[in-house]
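> for reference, the sequence and a predicted model appear below.
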Amino acid sequence: MPSPSSSSSSSFSPHRKLLHSLIYWAVQRCRMSESPCRLTVSLKSPSDPAASSPLRVSVSDTGVGSKLEEFLELDALARETPVEKWDGTLSITTTGISDKAIYHYQFNLQEETSSSARFSKLATTYKNNATFSGTEVCICLSKEADLDEFILWLTGFVRKIFVLRAADLAIELAVEQTGTAGSRNVCLPHDSDDAYLSIATPNIERLVSGLKDYALSHGNTCEKCDACCMNRDRLKVGTGSAKIVDRRRDKGLLVEVVIMIAHTATDLTCWMVNCSSSQVLHFEDFIPCPISQSSFNVLMSMDWQSYGFKLKGGFMDDEGNAVLQWDNLTFARVDIAIHTYHGVVQECQRSEPDKYLVRKALKSALCRLKEDHAGDFLSCHGKKICEYVPDLAESIAGLISSSNDQEFQDECFTLLGLGSDQDISEGAVRSCISDKMAHIIEMNDTKENVVDSTPYLFECEKLDEDSEQLDEEDGDDDMVSDY
């Protein structure tokens, strides 16, 4: 099972890798407790910026007690981290709900496995009949070359966790930086302008709510935009999910995808018009994670044009985030989130993305987006067909209006759904035909709707099923198999 240190980009600093792993396991302990929990990330920097004093970082949670196996994945990270950056020491305080004592350990991962100095059990503290559980892990790091940049990354990382709106989990970030300018504390708002989310709200709906707030705050900034928040209901959302159904494979693995679209509007002046790129938010087990190469390949190979998008290209940035670049984008903003996790938390086991599930969930989200807002997400082929609608509708309307056969005209009006008490001028007929054609194109724009769901221009019976028809079978076996 790969650790963050192996899956992250090489430029992902040791400090960030270490903190990522500690927060990951703290979240999993909270999930396993199946009760309301609090996770606190605390960072305390030296009072003197020029001092050599270490940076003290604490990650604490009120979940189930920890197991030492959780920290073994840090072995590789400890070996690749210079001693002057981190001495490999973890100070661990933990207790389970049924334990009568609080246990204190010191774990030095820089020491060899056979060394007696590697693991030390410190004095035990007794609970005195109190009932609680939790873990605190403390580490001391050398000062980052740019402490402000490190704090900015940590703030952004915790804010991305907020996007998931995880049930029964409250997260705090406390940064204490005392210097000549006095103390500085970072406070992250955890509220939402969305409707109240109950404990029973599904995870994918929570992700929708969080991604809306993320988009409305222009992506990972601390200040909300009042102008954008007023237009929350105008966001267009597509959701999709997939899960393992083969009992021989990994049980309970889920992939959920949310796509959020903001249309360009004059009252959304702070949104960039035709934003040319999107950073994909990628989560594993309720934690932001670098995207895997297989999932990135799925994003790059998706048939975006069938859903009204033109993918120009894409890349993975220095921290393993996927960035998609769009060509001739007609939307103000496109936000995408992918979350892979186990429905049932498994101890000391990470959820690895499955490219089959990612493709299926992503396509499902795109299909849902197109189904709910067909006219806004026509394929490139559908858009080309729509260009001919006005001329074709005008020609058909002209033929009907210029006919001297009253019976023929009446039949056409009836088939078009125009009653005798309605406007049957040539313009009205042209408009009616144009609307029906546009609706047919929208409904027929996805391969799934070709056979069963395509409406007819005229309200007449279907042709005899035995009559000759074109074979409309989809030849893209890969796209069919994962839908």
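Structure's in. What do you need?

> assign a three-state SS to the residue nearest to the spatial centre of the chain, would you?
Nearest to the mean C-alpha position of the chain, by Cα atoms, centre = their mean, lies residue 337 at 1.6 Å. Counting by DSSP: H, G, I helix; E, B strand; the rest coil, the backbone at residue 337 sits in strand.

> next one: the residue of the chain most remote from its centre from residue 397, what distance?
Largest separation from the mean C-alpha position in the chain: residue 404, at 60.5 Å (Cα atoms, centre = their mean). Going from residue 404 to residue 397 by Cβ to Cβ, to the nearest Å gives 16 Å. Any C-beta I mention is one placed from the backbone N, CA and C, and that applies to glycine too.

> so which residues of the stretch 1-150 of the chain form helices?
Remark: helices assigned in the stretch 1-150 of the chain by DSSP state H, counting those that start in this stretch are 4-7, 14-33, 74-80, 147-163.

> with distance to residue 392 and mean neighbour count as new columns, can those be given to me in JSON lines?
Shown next, in JSON lines, are those (distance: least, Cβ to Cβ, whole Å; neighbours: other Cβ atoms under 10 Å):
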{"stretch": "helix 4-7", "distance to residue 392": "53", "mean neighbour count": "19"}
{"stretch": "helix 14-33", "distance to residue 392": "57", "mean neighbour count": "22"}
{"stretch": "helix 74-80", "distance to residue 392": "64", "mean neighbour count": "17"}
{"stretch": "helix 147-163", "distance to residue 392": "46", "mean neighbour count": "18"}
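
> now distance to residue 350 and mean pLDDT too, for those, in TSV please.
Shown next, in TSV, are the helices of the stretch 1-150 of the chain (distance: least, Cβ to Cβ, whole Å; pLDDT from 0 to 100):
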stretch	distance to residue 350	mean pLDDT
helix 4-7	9	43
helix 14-33	8	90
helix 74-80	14	80
helix 147-163	16	87
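
> identify whichever of those helices lies nearest to residue 103.
helix 14-33 (14.5 Å; Cβ to Cβ).

> picking that back up, residue 359: which of the helices of the stretch 1-150 of the chain is closest?
helix 4-7 (19.7 Å).

> what's the neighbour count on the nearest residue to the residue nearest to the centre of the chain once chain neighbours are set aside?
Sequence neighbours aside, residue 281 is the residue nearest to residue 337 in space, at 4.2 Å (criterion: Cβ to Cβ, 6 or more residues apart in numbering). Residue 281: 25 surrounding residues under other Cβ atoms under 10 Å.

> ditto for residue 275
For residue 275, using other Cβ under 10 Å, the count is 17.

> now it. Nearest residue, chain neighbours left out?
Using Cβ to Cβ, 6+ apart, the nearest residue to residue 275 is residue 333, at 5.2 Å.

> wait, isn't that neighbour in contact with residue 261?
Yes - using Cβ atoms under 8 Å, residue 333 makes contact with residue 261 at a distance of 7.4 Å.

> then residue 280 would be within a helix, right?
No - with three-state DSSP as the criterion, residue 280 is strand rather than part of a helix.

> isn't residue 75 up against residue 108?
No - using Cβ under 8 Å, residue 75 makes no contact with residue 108, being 11.1 Å away.

> off-centre distance for stretch 425-440?
With Cα atoms, centre = their mean, to the nearest Å as the basis, stretch 425-440 stands 40 Å off its chain's centre.

> contacting residues around it?
Applying Cβ atoms under 8 Å, 6 or more residues apart in numbering, the contact partners of stretch 425-440 are 375, 386, 389-390, 392-394, 396-398, 400-401, 412-413, 416-418, 422, 454-457.

> one step back: checking the residue farthest from the centre of the chain next. Helix, strand or coil?
Assigned by three-state DSSP, the conformation of residue 404 is coil.

> wait, what's in contact with it?
Taking Cβ under 8 Å, 6+ apart, one finds nothing in contact with residue 404.

> quick one, phi psi at it?
Per-residue torsions, residue 404: phi -90, psi 0 (degrees, to the nearest 10).

> and the pLDDT for it?
pLDDT recorded at residue 404 is 84.

> then residue 222?
In this model, residue 222 is scored at 53, pLDDT.

> what's the answer for residue 172, then?
For residue 172, pLDDT reads 89.

> repeat that for residue 312.
Residue 312 is given a pLDDT of 91.

> got the contact list for the host helix or strand of it?
In this assignment (DSSP states H and E), residue 312 forms part of strand 311-316. By Cβ under 8 Å, 6+ apart, the list of residues contacting strand 311-316 from outside reads 9, 276, 290-291, 296, 299-300, 302, 304-305, 322-327.

> show me the two of the residues you listed that sit farthest apart.
Maximum distance among these (Cβ to Cβ): 29.7 Å, for 9 and 305.

> the bottom helix or strand of the chain by mean pLDDT?
helix 477-481 (a mean of 34; mean pLDDT, DSSP states H and E).

> gap between the two ends of stretch 244-255?
From its first residue to its last, stretch 244-255 covers 9 Å (Cα to Cα, to the nearest Å).

> so what are the sheet partners of the one helix or strand residue 173 maps to and their directions?
Following DSSP H and E, the helix or strand that holds residue 173 is strand 169-179. Strand 169-179 pairs in its sheet with strand 37-45 (parallel), strand 182-184 (antiparallel), by DSSP bridges.

> what is the rounded mean pLDDT of the shortest one?
Okay, so that is strand 182-184. Mean predicted lDDT for strand 182-184 stands at 52.

> on that earlier part again, pairing partners for the strand holding residue 312, with directions?
If you go by DSSP bridges, strand 311-316 pairs up with strand 322-326 (antiparallel).

> what mean pLDDT does the strand it pairs with get?
Averaging pLDDT along strand 322-326 yields 93.

> compute the distance between the residue nearest to the centre of the chain and residue 162, please.
In terms of Cβ to Cβ, residue 337 sits 12 Å off from residue 162.

> going along the chain, name the strands of the stretch 101-250 of the chain.
101-108, 119-121, 125-126, 134-141, 169-179, 182-184, 236-243 (DSSP state E, counting those that start in this stretch).

> out of those, which gets nearest to residue 71?
Across the strands of the stretch 101-250 of the chain, residue 71 has its closest neighbour in strand 101-108 (6.0 Å, Cβ to Cβ).
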